[in-house]
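In: kindly generate the corresponding structure for this input.
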Amino acid sequence: MRVGINTWVWTSPLTDRNAPELLTRIAGMGFDAVELPLEEPGQLSSDVLGPCLVAAGLAPYVVGAMAPGRDLVAADPEVIAGTQAYLMACIDLAAAIGSPAVCGPFYASTGRVWRMTPQERPNVYRQWREHLRPVADYAGQRAVKLGIEPLNRYETSLVNTVDQALEGLDGLLGPAVGLALDSYHLNIEERSSAEAIRLAGEHLVHVQVCGNDRGAPGHDQTDWPEFIAALRDVGYSGPLNIESFTAENASIASAASIWRPLAATQDALAEDGLAFLRELTGDTTTN
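Out: All right, here's what the predicted structure looks like:
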């Protein structure tokens, strides 16, 4: 399996100014792929990223950031429209640089939680599908697939499990919409991460990994051999993407609740995670 990493390990936001140096560093470490967060439209352009990705030999994957004020449910019409426009900008970038997917928790702003009765939840899911459908159509027309990511209970009250994602997206799952799974959230919300992967099955678009403490994957409480076995069972052919965050950036540290360093250095986090994943998958090659 190929191995990628999110640039949030080092910095936020990623822009045309800081991307070239960082992509060169990531390639030099031996990664095969890179997750590129588009936090605001206009911060990244295909004119800059395209040549850098080719030179670095990195496969790109665009991820979105559901910052406060980005919501597809229980929000004013202008908020819904603004969120749809933002997601379409992510899709445009993905199509321009050759990213096959745009992934993230595309339903409500991260950290927004509220109680729902069993009767209310289906109505909210219905609203979610209605507002996501134009975005899905836009993605499908550009040969880009949306990967919807369940988050843990502290970051959303809407979609915490694979089962909820399958329920909420019923009727939308297909060529333009699938699931993106993160080992961190699976570890909190699922009784078995491996069985959750198997439940996602053919709808699995993208996979993010980290240690159960949000640090480097490996030598933590996660059952990594079973995790990989489940991915192989469902025929997942994408990369394993390390997603962690730097504690040195105040905004990203607060958003991700990173209150302490998760490694001696961010480079060490990346290199240790890469080495572990290469050994785990039996692939000792580099890009």
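
In: only C-alpha atoms from now on, for both contacts and neighbour counts.
Out: Will do.

In: could you count how many residues lie near the nearest residue to Arg153 once chain neighbours are set aside?
Out: The shortest distance from Arg153 to any non-neighbouring residue, by CA to CA, 6 or more residues apart in numbering, is to Asn160 (6.1 Å). Asn160 has 21 neighbours, counted by other CA atoms under 10 Å.

In: wait, Asn160 touches Asn152, no?
Out: Yes - in terms of CA atoms under 8 Å, Asn160 counts as a neighbour of Asn152; the distance is 5.3 Å.

In: need the residues touching each of these two.
Out: Common neighbours of Asn160 and Asn152 (criterion: CA atoms under 8 Å, 6 or more residues apart in numbering): His185, Glu189.

In: quick check: which ranges of this protein have low pLDDT?
Out: 284-287 (pLDDT under 70).

In: re the thing from before, need the three-state assignment for the residue nearest to Arg153.
Out: Of the three states, Asn160 takes coil according to DSSP: H, G, I helix; E, B strand; the rest coil.

In: next, the contact list for it, please.
Out: Pro150, Leu151, Asn152, Arg153, His185, Glu189.

In: and what of Asp16?
Out: Gln43, Leu44, Ser45, Val48, Leu49.

In: ok, now with 7 Å
Out: Gln43, Leu44, Ser45, Val48 (CA atoms under 7 Å, 6 or more residues apart in numbering).

In: what are the ranges of the helices in the stretch 1-150 of the chain?
Out: 19-29, 46-56, 77-97, 120-141 (DSSP state H, counting those that start in this stretch).

In: now for the last one, which elements pack on it?
Out: Counting contacts by 3 or more CA pairs under 7 Å, 6 or more residues apart in numbering; DSSP states H and E, helix 120-141 packs against helix 77-97.

In: now do the buried residues in the helix it packs on.
Out: 79-81, 83-84, 86-95, 97 (16 or more other CA atoms under 10 Å).

In: what do you get for stretch 196-216?
Out: 196-201, 203-212, 214-216.

In: sort out for me which of these are in strands.
Out: Using DSSP state E, the members of the buried residues of stretch 196-216 that fall in strands are Leu204, Val205, His206, Val207, Gln208, Val209.

In: so which of those is the closest to Thr7?
Out: Gln208 (12.7 Å; CA to CA).

In: before we move on, back to that, just the buried residues of the contacts of Asp16.
Out: Leu44, Ser45.

In: related to what we said a few turns ago, now the ones in strands among the buried residues of stretch 196-216 as CSV including distance to Ala55?
Out: Output for these, formatted as CSV (distance: CA to CA, whole Å):
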residue, distance to Ala55
Leu204, 29
Val205, 26
His206, 24
Val207, 25
Gln208, 24
Val209, 26
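
In: does Met1 really touch Thr281, like I thought?
Out: Yes - if you go by CA atoms under 7 Å, Met1 and Thr281 touch, sitting 6.4 Å apart.

In: how about residues contacting the host helix or strand of Asp267?
Out: Following DSSP states H and E, the helix or strand that holds Asp267 is helix 266-281. Helix 266-281 is contacted from outside by Met1, Val3, Val9, Trp10, Met29, Gly215, Ala216, Pro217, Gly218, Thr246, Ala263, Thr284, using CA under 7 Å, 6+ apart.

In: give me the nearest residue to the third one, chain neighbours excluded.
Out: Using CA to CA, 6+ apart and skipping the chain neighbours, the partner closest in space to Val9 is Phe245 (4.3 Å).
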